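S.K.: Show me how the following folds:
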Amino acid sequence: MQKSALSRARKSFVVAAVSALALLTGACSGNDSSDVTPVAVSQEDLTQLPEASTFGTVTGAPTDPQAGAGATAGKVLHPSSDLVVYDAVGGKPIAKLPSIQMGSPTWVPVVGEQAEWAEVLLPTRPNASAGWVHVPDGAAETAQNDYAITVDRATFKLQILENGKATGSWTIGTGKPEHPTPAGRAYIIASIEETKNTYSPIVLPLSYHSDSLETFGGGPGTVGLHTWPNDSFVGKANSDGCIRVPQDALDQLVKLPLGTIVNIT
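M.R.: Numbers count the residues shown, from 1 in each chain. Okay, here's the model as predicted:
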């Protein structure tokens, strides 16, 4: 059984009360100070909604409004319990965001805010899906994440940024031409201690999925960050879509908070 490496992924969080959500600046998608009442969803209806996790597909979801903006630090959000995801402020329910996924607490980047609403990136198919959640006081925790990651597939370079400044850079491996690593603004969704596979002691699954494979080893085709038993991957496109990194890079990556954006170009 896989076990979460949660303690490695939460050290850099400064937890803030969600009641401050509408007062903090960030990627703002509206400046209306009034709140909009969400469409009511019964418990029965909630069970019928698709789960916004790496195993799910959410149809009708809006697209990341800043997909080309690059890797940025910013606010992240953790639901206290399942949250309904809407396609707009006061819009149609399209999914439910679980509080736990893959054995780790769900932390998602916040990319827009309006009163008690937050627009978040979703870890589902299709890639770059987003959605709005209503988060009155007590519905979620928020935290400031000062880290981001850039991955340049052309130069096989990965960088960790803290407040926009590089703190580490490594040569990596990416997906082969027939199974390319997908480009876009993904993020770390979990930290998994591997007990089934021997190629990496820890795997960091991302919110993005392979565009060419429906599954990796029986899973949902989730792209991840992990190391490899030897250095045959360095500077090469020879994986099935995952990003292979040196061990010293993985040692630093596992310290980053869940929800850290990984901008893949």
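S.K.: quick one: Asn163 and Thr72 touch, right?
M.R.: No - in this structure Asn163 lies outside contact range of Thr72 using C-beta atoms under 8 Å: 10.4 Å. C-beta here means a position set from N, CA and C on the backbone, and glycine is covered the same way.
S.K.: ok, these two, which is more surrounded?
M.R.: Per other C-beta atoms under 10 Å, whichever of Asn163 and Thr72 has more neighbours is Thr72, with 17 against 9.
S.K.: ok, now which ones touch the more buried one?
M.R.: Contact partners of Thr72, counting by C-beta atoms under 8 Å, 6 or more residues apart in numbering, are Gln66, Ala148, Ile261.
S.K.: so which of those is the most crowded?
M.R.: Ile261 (26 neighbours).
S.K.: if I pick that one, what's in contact with it?
M.R.: Ala71, Thr72, Ala73, Gly74, Pro109, Ala148, Ile149, Arg185, Ala186, Tyr187.
S.K.: go again using 10 Å as the cut-off
M.R.: 69-74, 76, 109, 111, 121, 145, 147-150, 161, 185-188, 206-207 (C-beta atoms under 10 Å, 6 or more residues apart in numbering).
S.K.: so where is the stretch 1-150 of the chain shaky, pLDDT-wise?
M.R.: Low-confidence segments of the stretch 1-150 of the chain (pLDDT under 70): 1-34, 71.
S.K.: Please read off the pLDDT at Ile197 from the model.
M.R.: Not quite, residue 197 is Asn, not Ile. Here, the pLDDT recorded for Asn197 equals 79.
S.K.: hmm, back to that, quick check, nearest of the contacts of Thr72 to Val89?
M.R.: The closest of the contacts of Thr72 to Val89 turns out to be Gln66 (C-beta to C-beta; 17.1 Å).
S.K.: Would you confirm that that closest one contacts Val110?
M.R.: No - the criterion here is C-beta atoms under 10 Å, and Gln66 misses it with Val110 at 11.4 Å.
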